[in-house]
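K.L.:
below are the sequence and a predicted model; questions follow.
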Amino acid sequence: MWKKNLSLFGMFKEALVIDSQFPNREILVKIAKEYGADVFFAQHGKKGVSLVNEKHFDILFFDIHEDEHLFDELVRELKRSGSRPYLVAMGDLTSLTKIVKVLKQGADDYLIKPFSSHHIERLISKACLRKKEALPESKTLIAKSPKMQEVLFEAAKIAKSHANVFIQGESGTGKEVFAEFIHQQSYRKSAPFVRVNCAAICENLMESEFFGHEKGSFTGALNTKPGRFELADRGTLLLDEVTEVPLSFQAKLLRVTQELEFEKVGATNSQKVDVRIISTSNRAMQKAMEEKKFREDLFFRLHVIPLYLPALRERKEDIRYLAAHFLEKSCRDNLKPQKIFSSGAIEKMEHYSWPGNIRELRNVCERLAILSPNEEILEEELLFDISTKDSEQMSLFKEEAIIPLAEVEERYIMDVLKHFNYNKTKAAEALKINVRTLRNKVSN
Ligand SMILES: Nc1ncnc2c1ncn2[C@@H]1O[C@H](COP(=O)(O)OP(=O)(O)OP(=O)(O)O)[C@@H](O)[C@H]1O
Ligand SMILES: [Mg+2]
């Protein structure tokens, strides 16, 4: 029995089936839907060709037996519209030359009729994997454990709704990765995905950052500037660390979530936006509300659909896949020969509690990719103590692994500089030191 690969759920958003034969069509529609696609169908080739003019599909099934000559027209239409779905031609096993011909014309696969649901599942799964491989690295989302497959399934379902989403999880569990996944799976995917790190904006700039400002509305406002809400219009706005929004600004945020309307700083007119808000928090929200640091009414506006990301220690099955992925990527990015983890190392990683979750695992892999002299990384090279039960005991370093403070500072500054594309002014601003101090520290 072919097993459905849930991590591929939602990979295809829109499918088109061009086939007049009832039983075939029904199986295709059923399975494509099970993989999370919205399925459209056309009984005739001509109708199908006109549909590809109106919509971009991710996967397309075409019965060439019906309208063989139209296949050529379909391929031309697809090229003209700039859309590149996974194209599956379907037909009898009449002649091999015919099959070769459609593959040459541009079909990605040929499905021989009659087919069973097993054949389609295999094909869809292969097509999904091809698409997944073509995704840029930043979109990689590994979710192999049963727990994470459920979360992924939930997230793909949530994506199709319009409601605001609240993602909760410890630091480094992938809240931002999931927020982007939801956006990519939603009807808003072609509009912008805008992220605001609420913890990084100082209180007096909040209004201008969120709503923008008019030229001359305050000292330094040299030009009219759009805010994050305007930039995210028709798309998704990610309010990262939303608990960090100061109380003084929460009423204004509440208004825009209710009315989807705001005014730029210094403007007299209000403007409307169509934005879906995804918020994240790694703090206990309940506590923030009890302490009156976060307004309950705002919380309920943002928390229409909750999504909880489990800590890495609660999904140990993912560790080996994540580790292999990060190690491979870090070796590649740092032009190092490829390395692998020994089975002992994997076991040790699976027994560790990962208080910093996936981010911590990524950093460990990055460090080993650069520093380990071995092709196979051994468990002794992992310097954490697996007897530690929780994050408080994390300070049990091996003496030889302690890094001098000056070196930590230097490495950190270099990371910050890299983050800001080596723009010293921006890096100094973020580090809250002046540029001269930064220059001195870097040149030392
Ligand atoms: N499921 C996943 N598959 C692959 N990489 C992941 C996954 N989840 C997270 N990551 C990686 O782990 C790192 C941390 O993820 P992310 O920034 O989304 O976490 P976060 O929950 O937003 O953390 P914080 O609360 O600290 O902001 C990133 O490098 C991200 O690419
Ligand atoms: Mg984050």
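P.N.:
Nice, I can see it. Ligands and ions are numbered 1, 2, ... in the order given.
K.L.:
I'd like the next helix or strand past the strand or helix carrying L253.
P.N.:
Per DSSP states H and E, L253 falls inside helix 247-259. As assigned by DSSP H and E, the chain's next helix or strand after helix 247-259 is strand 261-263.
K.L.:
buried residues, whichever helix or strand comes after that following strand. List them.
P.N.:
For strand 261-263, the succeeding helix or strand toward the C-terminus, using DSSP H and E, is strand 270-272. For strand 270-272, burial by neighbour count (16 or more other CB atoms under 10 Å) applies to Q271. To be clear about C-beta, it is placed using only N, CA and C from the backbone, and glycine gets the same treatment.
K.L.:
partners of strand 270-272 in the sheet?
P.N.:
Strand 270-272 pairs in its sheet with strand 261-263 (antiparallel), by DSSP bridges.
K.L.:
contact partners of the partner strand?
P.N.:
Strand 261-263 is contacted from outside by 210-211, 227, 229, 252, 255-256, 269-273, using CB atoms under 8 Å, 6 or more residues apart in numbering.
K.L.:
find me the pLDDT at the residue of the chain found nearest ligand 2, would you?
P.N.:
As assessed by CB to the ion, ligand 2 sits closest to E176 within the chain, at 4.1 Å. Listed pLDDT for E176 reads 94.
K.L.:
confirm it sits in a strand?
P.N.:
No: the assignment for E176 (DSSP: H, G, I helix; E, B strand; the rest coil) gives helix, which keeps it out of a strand.
K.L.:
near ligand 1, which residues of the stretch 201-350 of the chain? Just list them.
P.N.:
Contact residues, the stretch 201-350 of the chain versus ligand 1 (CB under 6 Å from any ligand atom): 282, 322.
K.L.:
near ligand 2, which residues of the stretch 201-350 of the chain are found?
P.N.:
Residues of the stretch 201-350 of the chain found near ligand 2 (CB under 5 Å from the ion): none.
K.L.:
show me the contacts for Q105.
P.N.:
Per CB under 8 Å, 6+ apart, neighbours of Q105: 71-72, 75.
K.L.:
now R362: closest residue in space that isn't a chain neighbour?
P.N.:
F326 (4.8 Å; CB to CB, 6 or more residues apart in numbering).
K.L.:
any stretches of the stretch 1-150 of the chain with poor pLDDT?
P.N.:
Where the stretch 1-150 of the chain drops to pLDDT under 70, the residues are 1-11, 66-68, 82, 95, 131-139.
K.L.:
what about the helices in it?
P.N.:
For the stretch 1-150 of the chain, helices defined by DSSP state H, counting those that start in this stretch occupy the ranges 22-34, 45-54, 68-81, 96-105, 117-134, 146-159.
K.L.:
got the angle for the longest one vs helix 22-34?
P.N.:
Helix 117-134 runs at 40 degrees relative to helix 22-34, counting by axes from the mean of the first three to the mean of the last three CA atoms, to 10 degrees.
K.L.:
would you mark the buried spots in helix 117-134?
P.N.:
119-121, 123-125, 127-128, 131.
K.L.:
the second one too?
P.N.:
Residues of helix 45-54 classed as buried: 45, 48-49, 51-52 (neighbour count, 16+ other CB under 10 Å).
K.L.:
next one: the third one
P.N.:
Along helix 68-81, these residues count as buried under the neighbour rule (16+ other CB under 10 Å): 68, 70-71, 74-75, 77-78.
K.L.:
so which elements touch that helix?
P.N.:
helix 45-54, strand 59-63, strand 86-91, helix 96-105 (3 or more CB pairs under 8 Å, 6 or more residues apart in numbering; DSSP states H and E).
K.L.:
with distance to ligand 1 added, can I get those in JSON lines?
P.N.:
Listed next are these as JSON lines, based on distance: least, CB to the nearest ligand atom, whole Å:
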{"stretch": "helix 45-54", "distance to ligand 1": "33"}
{"stretch": "strand 59-63", "distance to ligand 1": "24"}
{"stretch": "strand 86-91", "distance to ligand 1": "23"}
{"stretch": "helix 96-105", "distance to ligand 1": "34"}
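K.L.:
same list (the ones you listed) but as JSON lines, adding distance to A369.
P.N.:
Below are the helices and strands packed on helix 68-81 laid out as JSON lines (distance: least, CB to CB, whole Å):
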{"stretch": "helix 45-54", "distance to A369": "44"}
{"stretch": "strand 59-63", "distance to A369": "36"}
{"stretch": "strand 86-91", "distance to A369": "33"}
{"stretch": "helix 96-105", "distance to A369": "39"}
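K.L.:
how about these, which one is nearest D415?
P.N.:
Nearest to D415, of all the helices and strands packed on helix 68-81, is strand 86-91, at 39.1 Å by CB to CB.
K.L.:
which one of the buried residues of helix 68-81 sits closest to D333?
P.N.:
L78 (34.6 Å).
K.L.:
start and end of stretch 328-346, how far apart?
P.N.:
Distance across stretch 328-346, first residue to last, is 15 Å (CA to CA, to the nearest Å).
K.L.:
pLDDT below threshold where in the stretch 251-400 of the chain?
P.N.:
Applying pLDDT under 70 to the stretch 251-400 of the chain picks out residues 386-400.
K.L.:
need the helices for it, in chain order.
P.N.:
With DSSP H, counting those that start in this stretch as the criterion, the stretch 251-400 of the chain has helices spanning 285-290, 296-302, 319-333, 343-351, 357-371.
K.L.:
okay if I get those helices as CSV plus mean neighbour count?
P.N.:
Shown next, in CSV, are the helices of the stretch 251-400 of the chain (neighbours: other CB atoms under 10 Å):
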stretch, mean neighbour count
helix 285-290, 14
helix 296-302, 17
helix 319-333, 18
helix 343-351, 17
helix 357-371, 18
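K.L.:
now those helices in JSON lines, with distance to L238?
P.N.:
Shown next, in JSON lines, are those (distance: least, CB to CB, whole Å):
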{"stretch": "helix 285-290", "distance to L238": "17"}
{"stretch": "helix 296-302", "distance to L238": "11"}
{"stretch": "helix 319-333", "distance to L238": "22"}
{"stretch": "helix 343-351", "distance to L238": "30"}
{"stretch": "helix 357-371", "distance to L238": "17"}
